[in-house]
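>>> have a look at this fold, sequence not included:
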């Protein structure tokens, strides 16, 4: 019965907001379910109040202010550039195409091998850099906790919920310090958990969002494999509201075959 | 999908035609202001966001590809600006959210109107205390009645995600308003 209630919740609110009749199936359920009947009554009262309150009387005309602001900004389109020039338009068009081709070839040549297609970009940096960044950003990092979904045969994973440090409108970013608990023994056993691990900084993950997408909830993951040591690292980034959750998990050894995703030195794997 | 009227104006604006952009502002400013007003709860902040939305849109116009409607794209900018503003302020929304709609009666106030006004006052407080992204969902879905596909585009998430969040937002609203609905 609870599952059914969940299925009808949206229909109940839709009906409350629009005033339309409930669909036959929904009406039948509401007639027999006290909770949903109550939900419908509450939704009707709330919807009415929300719609009343959401009415906006006067709209300010912002055109003058907006046009004044944008008139101060440089904006040159291709049409403007061509019209300002004295030479033939076809010559400039050819030049633009040639330039675009040169840029495209250059980008192809320098494209990083292990790029992960994602709306977010992540970089990793050395612990020394973390210290400098921490000093400036005063970030707060929660104590790491063990990932409850930790799989057997893997060493400990760390989950850190981080808070925002600062934001740029041009390049909003979150800085996360990942603290990875490591066992005290020199050769840790993957199956056992250390009694009192000392967290150490292993990486700083810089996560950026494209402009206009600063508050979108996004999630993605990537994997890396170190061809020399065989260590495989997976990282997942999940954003929800103001919080970013980052999981980093390292597995010693790893599968013989290359994993899907990024591989550091493909030639050594295939040799 | 881009409306025919918007398509032509956007193309011209992307080519640098400021008059075309002025026309776009004229067409869309009312909805942008209304959206900002419902999220932020006061005219002053809403007017700031309204202006900033169009300025940002002008700067990013070359990145607009027409996958979504121009209005949807604008409203996404508006929502993001509103959320940034609320997070910066970290204070409750001002009380004027509901003041305009229920204060027009000149004569004796009927019981029903008074009850609505009281419920509205409580709703105002509850909405002000809700997480910002939940408040946005209530505005987009329950006040503006937008379809979930559009909401997903505005919020930059998937449609199922938008539905799930809307369900949670409504649940929170109901739960917090329950004491006042039962009275």
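Ah, there it is. None of the values given here were measured: they were computed from a predicted structure. Numbering: from 1, shown residues only, chains lettered A, B, ... in the order given.
>>> which element, helix or strand, includes the closest residue to residue B:145 other than its chain neighbours?
Leaving out its chain neighbours, the residue that sits closest to residue B:145 by Cβ to Cβ, 6 or more residues apart in numbering or on different chains is residue A:17, at 6.1 Å. All C-beta atoms are positioned from the backbone trio N, CA, C, and that covers glycine. Using DSSP states H and E, residue A:17 sits in helix A:2-18.
>>> give me the helices and strands touching that helix, please.
helix A:24-32, helix A:34-53, helix B:159-182 (3 or more Cβ pairs under 8 Å, 6 or more residues apart in numbering or on different chains; DSSP states H and E).
>>> show me what counts as buried in the last one.
Of all the residues in helix B:159-182, those buried under the rule 16 or more other Cβ atoms under 10 Å in any protein chain shown are B:162-163, B:165-167, B:169-170, B:172-174, B:176-177, B:180-181.
>>> just these that are near chain A?
Among those, the residues within reach of chain A (Cβ under 8 Å from any Cβ of the partner chain) are B:163, B:166-167, B:170, B:173-174, B:177, B:181.
>>> can you redo the residues you listed as CSV with distance to residue A:62?
CSV is the format used below for these (distance: Cβ to Cβ, whole Å):
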residue, distance to residue A:62
B:163, 33
B:166, 30
B:167, 35
B:170, 32
B:173, 31
B:174, 36
B:177, 34
B:181, 38
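>>> show me the two of the residues you listed that sit farthest apart.
Farthest-apart pair in those is B:163 and B:181; separation 23.8 Å (Cβ to Cβ).
>>> for residue A:51, give me its contacts.
Applying Cβ atoms under 8 Å, 6 or more residues apart in numbering or on different chains to residue A:51 gives the contacts A:17, B:143.
>>> find the closest residue to chain A in chain B.
Residue of chain B nearest chain A, by Cβ to the nearest Cβ: residue B:156 (3.1 Å).
>>> what residue ranges in chain B score low on pLDDT?
Across chain B, the ranges flagged by pLDDT under 70 are B:1-4, B:88-112, B:114, B:183.
>>> ok, now with 50
B:91-107 (pLDDT under 50).
>>> grab the most central residue of it for me.
In chain B, the residue lying closest to the centroid (Cα atoms, centre = their mean) is residue B:35, at 2.6 Å.
>>> how many other residues sit next to residue 57?
This is for chain A. Here the number of neighbours of residue A:57 (other Cβ atoms under 10 Å in any protein chain shown) works out to 10.
>>> oops, wrong one, chain B.
Neighbour number of residue B:57 under other Cβ under 10 Å is 26.
>>> that one against residue B:74, yeah?
Yes: taking Cβ atoms under 8 Å as the definition, residue B:57 is a contact partner of residue B:74 at 5.8 Å.
>>> quick one on the thing from earlier: thought the residue nearest to residue B:145 was touching residue B:142?
Yes: counting by Cβ under 8 Å, residue B:142 is a contact partner of residue A:17 at 6.0 Å.
>>> give me the domain ranges for chain A.
For chain A, automatic domain parsing gives the domain ranges A:2-53, A:77-109, A:121-270.
>>> hey, least reliable of the ones you listed by pLDDT?
Ranked by mean pLDDT, those bottom out at domain A:121-270, which scores a mean of 44.
>>> skipping its backbone neighbours, what lies nearest residue B:47 in space?
residue A:60 is the one closest to residue B:47 (Cβ to Cβ, 6+ apart), at 5.1 Å.
>>> from chain B, how far out is residue A:41?
From residue A:41 across to chain B, the span is 8 Å (Cβ to the nearest Cβ, to the nearest Å).
>>> pull the number of nearby residues for that residue.
Around residue A:41 there are 14 other residues, counting by other Cβ under 10 Å.
>>> give me every residue that touches it.
residue B:181.
>>> try 10 Å this time
A:12, A:16, A:30, B:181 (Cβ atoms under 10 Å, 6 or more residues apart in numbering or on different chains).
>>> got it, and residue B:33?
Counting by Cβ under 10 Å, 6+ apart, residue B:33 makes contact with A:56, A:58-62, B:43, B:46-47, B:49-51, B:53, B:78.
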